[in-house]
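Visitor: Got a predicted structure here, sequence first:
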Amino acid sequence: MTVQVYAPRYTDARALAVAGVLAALTAVVAVLALGLGAVATPAAQVWATLWGGGDDLTRQLVLDLRLPRVGVSMLCGAMFATSGAMMQGVIRNPLASPDIIGVGAGAGLAATVFLLAWPDAPPGGLPWAALAGAWGGFGLVLLLSQEWRGAGGLHPVRLALVGVAVAAALGAVQQLILVRAPDGLGAALTFLTGSVYGADSARLWRVLPWALVLLPAALLLARTLDVLNLGEDLATGLGTRVNPARLLSLGVGVALAGAAVTGAGILGFVGLLAPHLARLLVGARHGRMLPVSMLLGALLVLAADTLGRALLPPLEVPAGIFTTLVGAPYFLYLLRKSA
């Protein structure tokens, strides 16, 4: 007796359908999030305000106070997810993620030191400092991982374990600096621990230019990522200059994570979970997978932030706690699978 195993057929039509459903879900959650707060706003009033209606108080609550937070949540979620997808494609490691391999922790530490050393720095300087820290953390992980390289190359679990250790060490240094920081500045830096709390228009405009440049750049690199995923020999045979392609792809991925950290801090496992879910839904081809990863990351962070605001009012649970609760078990599953 022959047992037939169903395998989903990944097509462009399927990817469009999945993207449409995710976009609709994100829009629904966004409208709900815009209505949450000390003064609740019904969804109908939120919708009317977005289209130019509503009274002055409602417009101030929805457009000035809540909309920037929703925007930061969605942008940072999309950027973390895209960064994780690109790193997994370039390194060919299913465990690669900005928060796991030191990128997020390096960016957070650099952003903290930058703001403490230069409190009056222009807003545009912070993402550049975070970018330098992201490369520093990633480089440290790769450097230490070389000591464990075996005959078969660098094992995914080894890279992940080194990354977790480096991220923990960098995170501890960051927390020590935050504890010893002046009260006002320490409170201003609490978002770096993984929260969208207090996101305003200034934070939104700090992240938005990077998202507008880097997210389309990632989509343009989809074909390059597909070729790199075939292996160095085959990619070279297809005419790809492997090292420049890797450096460019990693540069975009690291920059995405570094900029996202300046908006929402280190959101655990978003960059790991969203790309894996996207592959399950639309396959491994980056032209389909990257847009779906962006939508999944945006939805995941927005839903986590909205749940954190609604769960224990007036207290707010950081979004990073929920993303970690969801992503950590899956990370352990991947560790066991890759061992």
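Guide: That came through, no problem. Residues are numbered from 1 along each chain as shown.

Visitor: number of nearby residues for the nearest residue to I100 once chain neighbours are set aside?
Guide: With Cβ to Cβ, 6 or more residues apart in numbering as the criterion, I100 has its nearest non-adjacent residue at 4.8 Å, and that residue is G163. C-beta coordinates here come from the backbone N, C-alpha and C atoms, glycine included. For G163, the count of nearby residues is 28 (other Cβ atoms under 10 Å).

Visitor: Make sure G163 is indeed in a helix.
Guide: Yes - the assignment for G163, made by DSSP: H, G, I helix; E, B strand; the rest coil, places it in a helix.

Visitor: ok, it - contacts?
Guide: Applying Cβ atoms under 8 Å, 6 or more residues apart in numbering, one finds that G163 lies in contact with I100, I101, G102, V141.

Visitor: Kindly report the same for L295.
Guide: Contacts of L295 by Cβ under 8 Å, 6+ apart are A19, L22, A23, T26, A78.

Visitor: Please pick the buried ones from those residues.
Guide: Among the contacts of L295, those buried by neighbour count (16 or more other Cβ atoms under 10 Å) are A19, L22, T26, A78.

Visitor: Test my guess that L302 contacts V29.
Guide: Yes - contact status for L302 versus V29: in contact at 5.3 Å, counting by Cβ atoms under 8 Å.

Visitor: where in this structure is pLDDT low?
Guide: Across the chain, the ranges flagged by pLDDT under 70 are 1-8, 147-156, 183-193, 338-339.

Visitor: The residue most central in space within it sits in which helix or strand?
Guide: In the chain, the residue lying closest to the centroid (Cα atoms, centre = their mean) is F80, at 1.5 Å. In this structure, F80 sits in helix 67-91 according to DSSP states H and E.

Visitor: same for that helix, what does it pack against?
Guide: Judged by 3 or more Cβ pairs under 8 Å, 6 or more residues apart in numbering; DSSP states H and E, the packing partners of helix 67-91 are helix 12-35, helix 201-220, helix 222-228, helix 242-264, helix 270-282, helix 286-311.

Visitor: Buried residues in whichever helix or strand comes after that helix, which are they?
Guide: Next helix or strand after helix 67-91 toward the C-terminus (DSSP H and E): helix 103-117. Neighbour-count burial for helix 103-117, counted by 16+ other Cβ under 10 Å, picks out 103-112, 114-116.

Visitor: Same check on stretch 226-237?
Guide: Judged by neighbour count (16+ other Cβ under 10 Å), stretch 226-237 contains these buried residues: D226, V227, L228, N229, A235.

Visitor: now swap in stretch 9-28 and tell me
Guide: By neighbour count with 16+ other Cβ under 10 Å, stretch 9-28 contains the buried residues Y10, A15, V18, A19, L22, T26.

Visitor: hmm, back to that, in ChimeraX, select just the buried ones from the contacts of G163.
Guide: Remark: buried members of those, expressed as a ChimeraX selection using 16+ other Cβ under 10 Å:
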select :100,101,102,141
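
Visitor: Save the contacts of G163 as a markdown table, and put in distance to A169 too.
Guide: Converted to a markdown table, those look like this (distance: Cβ to Cβ, whole Å):
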| residue | distance to A169 |
| --- | --- |
| I100 | 14 |
| I101 | 13 |
| G102 | 9 |
| V141 | 11 |
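
Visitor: what's the farthest-apart pair in the buried residues of stretch 226-237?
Guide: Across the buried residues of stretch 226-237, the longest distance by Cβ to Cβ is 9.5 Å; it joins D226 and A235.

Visitor: Pull the contacting residues for V141.
Guide: By Cβ under 8 Å, 6+ apart, the neighbours of V141 are I101, G102, L159, V162, G163, V166.

Visitor: Regarding it, what is its secondary structure?
Guide: Classification of V141 by three-state DSSP places it in helix.

Visitor: ok, it to V103 distance?
Guide: As judged by Cβ to Cβ, to the nearest Å, V141 and V103 stand 8 Å apart.

Visitor: Ok, V31 next?
Guide: As judged by Cβ to Cβ, V31 and V103 stand 32 Å apart.

Visitor: R9 now?
Guide: To V103, R9 is 34 Å away according to Cβ to Cβ.

Visitor: and if you look at R92?
Guide: Taking Cβ to Cβ, one finds R92 at 17 Å from V103.

Visitor: for G71, same thing?
Guide: For G71, the distance to V103 (Cβ to Cβ) stands at 23 Å.

Visitor: Spatially nearest residue to Y330 (excluding sequence neighbours)?
Guide: Computed as Cβ to Cβ, 6+ apart, the closest residue to Y330 that is not its neighbour in sequence is L273, at 5.9 Å.

Visitor: neighbours around the one you found, how many?
Guide: Residues near L273, counting by other Cβ under 10 Å, number 25.

Visitor: Could you verify my assumption that it touches A328?
Guide: No - applying Cβ under 8 Å, one finds L273 not in contact with A328, separated by 9.7 Å.

Visitor: shared neighbours of the two, anything?
Guide: Counting by Cβ under 8 Å, 6+ apart, L273 and A328 have no contacts in common.

Visitor: want to throw the contacts of L295 into a markdown table with distance to V39?
Guide: Putting the contacts of L295 into a markdown table (distance: Cβ to Cβ, whole Å) gives the following:
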| residue | distance to V39 |
| --- | --- |
| A19 | 34 |
| L22 | 30 |
| A23 | 28 |
| T26 | 24 |
| A78 | 29 |
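
Visitor: and of these, the nearest to P313?
Guide: For the contacts of L295, the nearest to P313 is T26 (22.8 Å; Cβ to Cβ).
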